[in-house]
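Colleague: Starting from these lines, generate the structure:
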Amino acid sequence: MKTIFKLLRFTAFGLVLLVAIVLATSWAPDVPVDSLKPRWATAPSRFIAIDGMQVHLRDEGPRGDPSPIVLLHGTSASLHTWEGWAQALRGQRRVIRFDLPGFGLTGPHPRGAYDFAKDDPAFVLAVLDQLKVQRFVLAGNSLGGVIAWHVALAAPQRVDKLILVNSLGFGTEPSAIPLAWRMARAPVLSNAMEYLLPRASVKQGVEGVYGQPERVTPELIDQYYDLTRRQGNRAALTARLRHGDASDTSQLTNIKAPTLILWGGQDRLLPPSHSERFQRAIAGSQRLVFEPLGHVPHEEDAALTVGAVKRFLGI
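Modeller: Residues are numbered from 1 along each chain as shown. Okay, here's the model as predicted:
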């Protein structure tokens, strides 16, 4: 009996020690947005007031451009994901990118308005209204893609051209959903996520959406890790993911804007077969698959992917 008690005490001590180690290595509470700005809101970043939020935005290139290029990022990303495209395009075209509600430095929506078919398109149009941009080329990746094509449906007279980059629309592959997203959908685990964020899990998540994980740098991990910890972002991610990923793709046939569909051939979350479904649904659309790249091909290889954009836009 004494031996059993000793074993139980040893096991209990081991569990306590294990919990202490996990907390010590993973403890990462939210941080105020002002502490993140010095690193992630350098020039030309600025903030504009929209619907109770201070929206983090970058607006570059010639102001006389009659149809600026607007770039919408995906889930858990930020305007920084488009840096390569912005650098390649801003010399000839006006390029506008911003952090969507619940992500980056913009942070959570005060009313929790995260419906990508209604709330997000209204938000995008509100930003562009404030910038006095009437007509534009709209590009979006993943979540940004589904928002983009809903904007094209809601305001067809304003969208000159549409670019979908590994766009959400036809659901996700359950086996490829990142661990952090699965945790965010679980009530108990999602609460813990607001205080725990192992850097290793961020690294694993980013590498998981790249076709060539060796391209992921420590600086890129810093970016995703820091911006995930922006106050309120993890709670917002939980709220967003509970909306699900289903959308009414029957509406795609109503899109009239010239459309370019770009896809990473190694995307496990939204496989390349989805690009074929988009092409069939949107009359006259063009499709190009970059076989070595993953779910964020514009970030993984900006030079390769933006070349297709330039050809599409006649730059």
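
Colleague: From now on I want contacts and neighbour counts done on CA atoms only, so please keep to that.
Modeller: OK.

Colleague: and the closest residue to Lys37 other than its chain neighbours, what does it touch?
Modeller: In this structure, Lys37 finds its nearest non-sequential neighbour in Leu105, 7.7 Å apart by Cα to Cα, 6 or more residues apart in numbering. By Cα atoms under 8 Å, 6 or more residues apart in numbering, the contact set of Leu105 is Val33, Leu36, Lys37, Val55, His56, Asp99, Leu227, Arg230.

Colleague: Excluding chain neighbours, give the residue nearest to Val124 in space.
Modeller: Using Cα to Cα, 6+ apart and skipping the chain neighbours, the partner closest in space to Val124 is Val151 (7.9 Å).

Colleague: tell me the SS of His298?
Modeller: helix (DSSP: H, G, I helix; E, B strand; the rest coil).

Colleague: For it, which non-adjacent residue is spatially closest?
Modeller: Excluding its sequence neighbours, the residue lying closest to His298 (Cα to Cα, 6+ apart) is Thr305, at 5.7 Å.

Colleague: what stretches of the stretch 201-315 of the chain score poorly on pLDDT?
Modeller: 244-246 (pLDDT under 70).

Colleague: residue boundaries of the strands in it?
Modeller: In the stretch 201-315 of the chain, the strands defined using DSSP state E, counting those that start in this stretch lie at 259-264, 286-290.

Colleague: How much space separates Tyr97 from Ser275?
Modeller: Careful, residue 97 is Arg; it's not Tyr. 24 Å (Cα to Cα, to the nearest Å).

Colleague: er, Leu313 I mean
Modeller: Leu313 is 20 Å from Ser275, by Cα to Cα.

Colleague: rewinding a little: mind checking pLDDT for the residue nearest to Lys37?
Modeller: Predicted confidence (pLDDT) for Leu105: 98.

Colleague: again with the one 3 residues further on
Modeller: According to the model's per-residue confidence, Pro108 sits at a pLDDT of 97.

Colleague: what's around Gln286, how many residues?
Modeller: 17 (other Cα atoms under 10 Å).

Colleague: who's in contact with it?
Modeller: Neighbours of Gln286 in contact, by Cα under 8 Å, 6+ apart: Thr259, Leu260, Ile261, Gln279.

Colleague: repeat for Leu162
Modeller: Val137, Leu138, Ala139, Ala148, Trp149, Ala152, Ala257, Pro258, Thr259, Leu260.

Colleague: again, 6 Å this time
Modeller: Counting by Cα atoms under 6 Å, 6 or more residues apart in numbering, Leu162 touches Val137, Leu138, Ala139, Thr259.

Colleague: What are the phi and psi values at it?
Modeller: Taking degrees, to the nearest 10, you get phi -130, psi 130 for the backbone angles of Leu162.

Colleague: So in terms of bridging, what pairs with it?
Modeller: Taking DSSP bridges, one finds Leu138, Thr259 as the beta-bridge partners of Leu162.

Colleague: That one and Glu219, how far apart?
Modeller: 31 Å.

Colleague: Three-state assignment for the closest residue to Leu237 other than its chain neighbours, please.
Modeller: With sequence-adjacent residues excluded and distances taken as Cα to Cα, 6+ apart, Leu237 is closest to Gly102, at 6.5 Å. Assigned with three-state DSSP, Gly102 falls in the coil class.

Colleague: same thing with Phe47?
Modeller: strand.

Colleague: Correct me if wrong: it contacts Met53.
Modeller: No: here Phe47 lies out of contact with Met53, judged by Cα atoms under 6 Å, at a distance of 9.2 Å.

Colleague: Who are the contact partners of the most centrally placed residue in the chain?
Modeller: The centre of the chain sits closest to Gly74, judged by Cα atoms, centre = their mean, with a distance of 1.9 Å. Contact analysis of Gly74 by Cα under 6 Å, 6+ apart lists Asn141, Ser142, Leu143, Gly144.
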